[in-house]
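A.B. asks: I would like to see how this sequence folds:
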Amino acid sequence: MPAGIRSAHGMDTALLHAIFWESDKCATVMDLLSTLRGALTSRTSLDELNTVCHHIHKLRSAMLAFADLFPLHAESIQAFLNHLDMVLPSISKTLDDIQHLCAGRRRFGDASWDRLMNAMFDGSNRKFELDGRFKLYAKFFDVLFLGITQSPKFDWKKAEGIRLQIMDLREDNLIAVPKDLTTVFFPFNQLPAARARRKSFVEHWAVDTVDRRPEFMSNFCKDARGFNKDVLSFTVLINYNNKLPYVLLRTTFDNIPFYECRPLSELRIMRSETKLHLSRWSSRQQGFVHWAVLHFQFFEELVVIQCTLLALKAQTSLLANAISHDETVFRDDTCIWEKDIKDNGVRHKLAIYRDNITGTKRLYAFVAKGERHQAYTPAWTIFFTNRKAKPQMECLGDHRLVVYNAALYTFGDRYLTAKHDPRHFEITFRHSGHNRELKLLFEASYRAMQRYSV
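C.D. replies: Predicted coordinates for the structure are as follows:
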């Protein structure tokens, strides 16, 4: 592990750098194991290899997610440093052993893979196979994440059980605890998360919106790659003091993390083809300059992130025009239909957009100008990605339309009512006949797609 340094605020960053060092080693081991796939012929061996790679990937993601909390919890992180001191050497030795067993082998087949698995299973430790070890490591970082964020899901008894298993692994691997260890052990039952009131926690609407994945997604192109491949981390947080959203950006260079944090209200959010540009105002240049450029693999993912950021920005601002005119224009999308609807008694605009790159259509609702809510604030969107499936719509009278089993994404607590149920999503138009007009448009589009596919 690399030698660490202390930050200006007195926070020991040695273990922070060690997490990035070991996470990079995880990527190296995954690449190494991936090169073995072509040499394995047994389905059992291939399944074992894929399972091991899957758990290494989950471990790496869990490690980086916890590492990005360091600058946000500079004081409370002290209670978790000793737990990192215990788990990181075990992870490091496991990864080193895999590299050592694979190194120098000109030929690697099913028998070699079996020897590797047996070697990692030998000795006094007979409780965990190789994939089980990585699964245990990932679980430990998950409970550390829940503990430092004081999540109601944190269970100190479960965390202590995992910690004891980690210590057993250290003993099996003959890793002794250093006598000059500087970090102090904090029992899990003494952490603030163990004493937090469970009923007072309400998960923010944006968490569920961003984490949801539709059944069908539109890939921009074969070579498209998302920004979240661990080199860059983009975290949105709510400041505890002023209740305003901030964006934490993390980049890495030579496995050393660099962090920058800005209020979301200071950033301009605009799409450009397959990218989302976050720009800040530059006084020296008297204009906006790029602060972050996020590349996306899927169209739906880009739209959800863009609308979530715009909604957070608008809903927490005291300014009359929180969203600028440039941000209200959905570039690389074509608006082919727009009407007025009512949602929670507030006038909204409902539009049909077609993406210029993938051709995917979506319904998009936003607050109309002149209402009591921020104008142009995103309300919800419904994707129609699967073009082989006929949209399930039903008109109720002259003003209402029901969309069944919708790929729905909502952007605010006020859009979480019974009428916003994706299984039976109800839209109320302001003017008669617009519901039938919308239904006919989608039905005509579906019939045209069926003729084209034939």
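A.B. asks: From what I see, F411 and H373 are in contact.
C.D. replies: No - the pair F411 / H373 is not scored as a contact, 11.7 Å apart, by C-beta atoms under 8 Å. C-betas here are computed from N, CA, C, even on glycine.
A.B. asks: out of these two, which sits in the busier spot?
C.D. replies: The neighbour comparison of F411 against H373 (other C-beta atoms under 10 Å) goes to F411, with 25 against 19.
A.B. asks: For that one, give its distance to G287.
C.D. replies: 29 Å (C-beta to C-beta, to the nearest Å).
A.B. asks: Ok, L15 next?
C.D. replies: According to C-beta to C-beta, L15 and G287 sit 41 Å apart.
A.B. asks: As a check, name the ranges of all strands in the protein.
C.D. replies: Using DSSP state E, the strands of the chain run over 232-238, 245-253, 256-263, 267-272, 275-282, 287-295, 333-343, 346-355, 361-367, 378-384, 393-396, 400-404, 407-410, 424-429.
A.B. asks: which one of those strands lies closest to F70?
C.D. replies: Closest approach to F70 among the strands of the chain is made by strand 256-263 (8.1 Å; C-beta to C-beta).
A.B. asks: which parts of that closest one are buried?
C.D. replies: Across strand 256-263, burial judged by 16 or more other C-beta atoms under 10 Å covers P257.
A.B. asks: got the contact list for that strand?
C.D. replies: With C-beta atoms under 8 Å, 6 or more residues apart in numbering as the test, strand 256-263 has contacts from 16-17, 20, 67-68, 71, 244-252, 280, 291.
A.B. asks: now with 7 Å?
C.D. replies: Outside strand 256-263, the residues that touch it by C-beta atoms under 7 Å, 6 or more residues apart in numbering are 16-17, 20, 67, 71, 244, 246-251, 280, 291.
A.B. asks: How about stretch 66-85?
C.D. replies: With C-beta under 7 Å, 6+ apart as the test, stretch 66-85 has contacts from 9, 11-12, 15-16, 19-20, 141, 144-145, 147-148, 163, 181, 183-186, 191, 233, 235, 237, 248, 250, 257, 259.
A.B. asks: Also stretch 212-219?
C.D. replies: Stretch 212-219 has contacts (C-beta under 7 Å, 6+ apart) with 297-300, 358, 360, 383, 385-386, 407, 409.
A.B. asks: Quick check: mean pLDDT of that stretch?
C.D. replies: Across stretch 212-219, pLDDT averages out at 82.
A.B. asks: Can you show me the CA trace of it as CSV?
C.D. replies: Taking Å, rounded to 0.1, in the frame of the first residue of the first chain, the C-alpha atoms of stretch 212-219 are listed here in CSV:
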residue,chain,number,x,y,z
ARG,A,212,-34.5,2.7,-11.0
ARG,A,213,-33.7,0.9,-14.2
PRO,A,214,-36.2,0.5,-17.1
GLU,A,215,-36.7,-2.9,-18.7
PHE,A,216,-35.7,-1.5,-22.1
MET,A,217,-32.9,1.1,-22.7
SER,A,218,-31.8,2.9,-25.9
ASN,A,219,-28.0,2.5,-26.5
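A.B. asks: show me where the stretch 101-250 of the chain has helices.
C.D. replies: Secondary structure of the stretch 101-250 of the chain by DSSP state H, counting those that start in this stretch: the helices cover 110-119, 130-148, 156-172, 192-195, 205-211.
A.B. asks: Could you tell me which ranges of this structure sit under the pLDDT cut-off?
C.D. replies: Residues of the chain that meet the criterion pLDDT under 70 lie in 1-12, 104-107, 121-128, 196-202, 222-230, 318, 320, 371, 451-454.
A.B. asks: Need the phi and psi values for K388.
C.D. replies: phi -80, psi -10 (degrees, to the nearest 10).
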